[in-house]
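Asks: From the sequence below, what's the structure:
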Amino acid sequence: MGLRSLALPGLNLRKDTGGGSSVFRRQMHRLERLEALDAAVRVAEPRARRLVENGRLRRILHGDATGIPLHIILTDVPFGAWFMAVYLDLFADPGTQRAATRLVGLGVISAAPTALTGWAEWALAAHPTKRVGIVHAGLNAVSVLIFAASLAARLRDRHKLGVRLARVGAVLLVAGGFLGGYMARDRRGS
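Replies: Numbering: from 1, shown residues only. I've put the predicted structure just below:
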(Lines give C-alpha, C1' and ligand atoms only; values in the text may rest on other atoms or scores of the structure.)
Protein backbone atom coordinates (compact mmCIF):
# COMPACT_ATOMS: atom_id res chain seq x y z
CA MET A 1 0.00 0.00 0.00
CA GLY A 2 1.56 3.28 -1.12
CA LEU A 3 1.47 6.54 0.76
CA ARG A 4 -0.73 8.09 -1.93
CA SER A 5 -3.46 5.53 -1.32
CA LEU A 6 -3.91 6.53 2.32
CA ALA A 7 -7.09 8.50 2.87
CA LEU A 8 -6.52 10.73 5.88
CA PRO A 9 -8.94 13.59 6.58
CA GLY A 10 -7.39 16.95 5.71
CA LEU A 11 -4.26 15.44 4.16
CA ASN A 12 -3.94 15.87 0.42
CA LEU A 13 -0.98 13.94 -0.99
CA ARG A 14 -1.87 14.59 -4.61
CA LYS A 15 0.32 16.91 -6.62
CA ASP A 16 -1.17 20.37 -7.06
CA THR A 17 -1.95 20.64 -10.76
CA GLY A 18 -2.86 24.31 -10.65
CA GLY A 19 -6.53 23.83 -9.79
CA GLY A 20 -5.96 24.07 -6.06
CA SER A 21 -3.89 26.23 -3.82
CA SER A 22 -1.57 25.37 -0.99
CA VAL A 23 -2.31 26.46 2.55
CA PHE A 24 0.77 28.70 2.38
CA ARG A 25 -0.38 30.40 -0.84
CA ARG A 26 -3.87 30.92 0.58
CA GLN A 27 -2.35 32.56 3.66
CA MET A 28 -0.17 34.78 1.46
CA HIS A 29 -3.21 35.83 -0.58
CA ARG A 30 -4.97 36.71 2.68
CA LEU A 31 -2.01 38.85 3.74
CA GLU A 32 -2.01 40.53 0.33
CA ARG A 33 -5.64 41.58 0.90
CA LEU A 34 -5.30 42.53 4.58
CA GLU A 35 -6.18 46.23 4.63
CA ALA A 36 -5.17 46.50 8.31
CA LEU A 37 -1.55 46.56 7.07
CA ASP A 38 -2.13 49.66 4.93
CA ALA A 39 -1.36 52.09 7.76
CA ALA A 40 2.11 50.57 8.15
CA VAL A 41 2.58 50.60 4.37
CA ARG A 42 1.71 54.33 4.25
CA VAL A 43 4.26 55.10 6.98
CA ALA A 44 7.05 53.08 5.38
CA GLU A 45 6.48 54.05 1.73
CA PRO A 46 7.97 57.57 1.72
CA ARG A 47 11.11 56.43 3.54
CA ALA A 48 11.57 53.39 1.31
CA ARG A 49 10.95 55.45 -1.83
CA ARG A 50 13.84 57.75 -0.87
CA LEU A 51 16.18 54.75 -1.10
CA VAL A 52 15.40 54.36 -4.79
CA GLU A 53 15.08 57.99 -5.92
CA ASN A 54 18.59 57.97 -7.36
CA GLY A 55 18.34 56.00 -10.62
CA ARG A 56 21.90 54.71 -10.53
CA LEU A 57 21.58 53.49 -6.93
CA ARG A 58 18.19 51.95 -7.72
CA ARG A 59 19.69 49.96 -10.62
CA ILE A 60 22.44 48.64 -8.34
CA LEU A 61 20.06 47.74 -5.51
CA HIS A 62 17.60 46.03 -7.84
CA GLY A 63 20.29 44.09 -9.65
CA ASP A 64 19.57 45.44 -13.12
CA ALA A 65 23.01 44.37 -14.35
CA THR A 66 22.89 40.88 -12.83
CA GLY A 67 19.18 40.13 -12.66
CA ILE A 68 19.58 39.42 -8.94
CA PRO A 69 18.53 42.10 -6.45
CA LEU A 70 21.25 42.92 -3.93
CA HIS A 71 18.88 42.07 -1.08
CA ILE A 72 18.64 38.44 -2.17
CA ILE A 73 22.43 38.17 -2.09
CA LEU A 74 22.85 39.96 1.26
CA THR A 75 20.29 37.80 3.08
CA ASP A 76 22.79 34.94 2.91
CA VAL A 77 25.08 36.69 5.39
CA PRO A 78 22.82 37.02 8.47
CA PHE A 79 20.87 33.87 7.59
CA GLY A 80 24.07 31.84 7.16
CA ALA A 81 25.78 33.31 10.21
CA TRP A 82 22.83 32.72 12.50
CA PHE A 83 22.11 29.20 11.33
CA MET A 84 25.76 28.23 11.61
CA ALA A 85 25.71 29.63 15.15
CA VAL A 86 22.63 27.53 15.95
CA TYR A 87 24.50 24.49 14.60
CA LEU A 88 27.65 25.27 16.61
CA ASP A 89 25.47 25.67 19.70
CA LEU A 90 25.05 21.90 19.61
CA PHE A 91 28.65 21.63 20.88
CA ALA A 92 29.69 22.72 24.37
CA ASP A 93 33.44 23.36 24.08
CA PRO A 94 34.61 26.95 24.72
CA GLY A 95 36.13 27.43 21.25
CA THR A 96 32.90 26.50 19.54
CA GLN A 97 30.94 28.75 21.89
CA ARG A 98 33.22 31.68 20.97
CA ALA A 99 32.76 30.93 17.27
CA ALA A 100 28.97 30.80 17.69
CA THR A 101 29.04 34.12 19.54
CA ARG A 102 31.05 35.70 16.72
CA LEU A 103 28.62 34.37 14.14
CA VAL A 104 25.64 35.76 16.04
CA GLY A 105 27.44 39.12 16.10
CA LEU A 106 28.13 38.96 12.35
CA GLY A 107 24.46 38.28 11.73
CA VAL A 108 23.37 41.24 13.86
CA ILE A 109 25.82 43.60 12.13
CA SER A 110 24.93 42.41 8.63
CA ALA A 111 21.19 42.73 9.28
CA ALA A 112 21.23 46.52 8.77
CA PRO A 113 22.48 46.60 5.15
CA THR A 114 20.33 43.57 4.40
CA ALA A 115 17.24 45.38 5.70
CA LEU A 116 18.06 48.57 3.78
CA THR A 117 18.34 46.69 0.51
CA GLY A 118 15.09 44.91 1.36
CA TRP A 119 13.30 48.22 1.83
CA ALA A 120 14.67 49.40 -1.51
CA GLU A 121 13.28 46.26 -3.15
CA TRP A 122 9.97 46.74 -1.33
CA ALA A 123 9.68 50.37 -2.48
CA LEU A 124 8.90 49.34 -6.06
CA ALA A 125 6.67 46.36 -5.26
CA ALA A 126 2.96 46.19 -5.98
CA HIS A 127 0.68 47.18 -3.10
CA PRO A 128 -0.42 43.61 -2.19
CA THR A 129 3.24 42.56 -2.06
CA LYS A 130 3.98 45.54 0.18
CA ARG A 131 1.46 44.19 2.68
CA VAL A 132 3.31 40.87 2.79
CA GLY A 133 6.56 42.82 3.03
CA ILE A 134 5.42 44.64 6.15
CA VAL A 135 4.86 41.30 7.91
CA HIS A 136 8.17 39.97 6.52
CA ALA A 137 10.02 43.03 7.85
CA GLY A 138 8.29 42.76 11.21
CA LEU A 139 9.23 39.12 11.67
CA ASN A 140 12.80 39.81 10.63
CA ALA A 141 13.06 42.86 12.91
CA VAL A 142 11.93 40.76 15.88
CA SER A 143 14.46 38.09 14.84
CA VAL A 144 17.25 40.67 14.80
CA LEU A 145 16.28 41.89 18.26
CA ILE A 146 16.22 38.33 19.60
CA PHE A 147 19.61 37.56 18.07
CA ALA A 148 20.95 40.84 19.51
CA ALA A 149 19.67 39.69 22.93
CA SER A 150 21.34 36.33 22.29
CA LEU A 151 24.61 38.12 21.58
CA ALA A 152 24.30 40.21 24.74
CA ALA A 153 23.60 37.10 26.83
CA ARG A 154 26.58 35.27 25.33
CA LEU A 155 28.90 38.23 25.96
CA ARG A 156 27.77 38.22 29.62
CA ASP A 157 28.65 34.52 30.00
CA ARG A 158 24.99 33.50 29.92
CA HIS A 159 25.61 31.12 27.04
CA LYS A 160 22.61 28.83 27.67
CA LEU A 161 20.23 31.80 27.54
CA GLY A 162 21.96 32.98 24.36
CA VAL A 163 21.46 29.55 22.79
CA ARG A 164 17.76 29.47 23.68
CA LEU A 165 17.24 32.96 22.31
CA ALA A 166 19.03 32.06 19.08
CA ARG A 167 16.75 29.06 18.58
CA VAL A 168 13.66 31.25 18.99
CA GLY A 169 15.16 33.82 16.62
CA ALA A 170 15.87 31.10 14.07
CA VAL A 171 12.23 29.97 14.05
CA LEU A 172 11.05 33.53 13.39
CA LEU A 173 13.76 33.95 10.77
CA VAL A 174 12.49 30.90 8.89
CA ALA A 175 8.94 32.30 8.96
CA GLY A 176 10.19 35.64 7.66
CA GLY A 177 12.25 33.83 5.04
CA PHE A 178 9.18 32.07 3.69
CA LEU A 179 7.48 35.43 3.24
CA GLY A 180 10.59 36.85 1.57
CA GLY A 181 10.79 33.87 -0.76
CA TYR A 182 7.15 34.33 -1.68
CA MET A 183 7.73 38.00 -2.50
CA ALA A 184 10.85 37.21 -4.56
CA ARG A 185 8.95 34.57 -6.49
CA ASP A 186 6.11 37.03 -7.01
CA ARG A 187 8.62 39.58 -8.35
CA ARG A 188 9.86 37.06 -10.92
CA GLY A 189 6.29 36.31 -11.93
CA SER A 190 6.48 32.60 -11.06
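Asks: So, low pLDDT: which residues of this protein?
Replies: Judged by pLDDT under 70, the chain has its weakly predicted residues at 1-20, 186-190.
Asks: Pull the distance from whichever strand or helix holds Val142 to the chain's centre.
Replies: Per DSSP states H and E: Val142 is located in helix 127-155. Helix 127-155 has its C-alpha centroid displaced from the chain centroid by 8 Å (C-alpha atoms, centre = their mean, to the nearest Å).
Asks: Run through who's touching stretch 102-119.
Replies: Applying C-beta atoms under 8 Å, 6 or more residues apart in numbering, the contact partners of stretch 102-119 are 44, 47-48, 51, 61, 69-71, 74-75, 77-79, 81-82, 84-85, 88, 133, 136-137, 140-141, 144, 147-148, 150-151, 154, 162, 166, 180. The C-beta positions use only the backbone N, C-alpha and C, and glycine is treated the same way.
Asks: hmm, 6 Å instead?
Replies: Contacting residues not belonging to stretch 102-119 are listed as 48, 51, 61, 70-71, 74-75, 77-78, 81-82, 84-85, 144, 147-148, 150-151 [C-beta atoms under 6 Å, 6 or more residues apart in numbering].
Asks: Now do the buried residues in it.
Replies: By 16 or more other C-beta atoms under 10 Å, the buried positions in stretch 102-119 come out as 103-108, 110-111, 114-119.
Asks: Turn the residues you listed into JSON lines, including distance to Gly95.
Replies: Below are the buried residues of stretch 102-119 laid out as JSON lines (distance: C-beta to C-beta, whole Å):
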{"residue": "Leu103", "distance to Gly95": "13"}
{"residue": "Val104", "distance to Gly95": "15"}
{"residue": "Gly105", "distance to Gly95": "16"}
{"residue": "Leu106", "distance to Gly95": "17"}
{"residue": "Gly107", "distance to Gly95": "19"}
{"residue": "Val108", "distance to Gly95": "21"}
{"residue": "Ser110", "distance to Gly95": "23"}
{"residue": "Ala111", "distance to Gly95": "25"}
{"residue": "Thr114", "distance to Gly95": "28"}
{"residue": "Ala115", "distance to Gly95": "31"}
{"residue": "Leu116", "distance to Gly95": "33"}
{"residue": "Thr117", "distance to Gly95": "33"}
{"residue": "Gly118", "distance to Gly95": "34"}
{"residue": "Trp119", "distance to Gly95": "37"}
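Asks: Since that was my last question, I'll sign off now.
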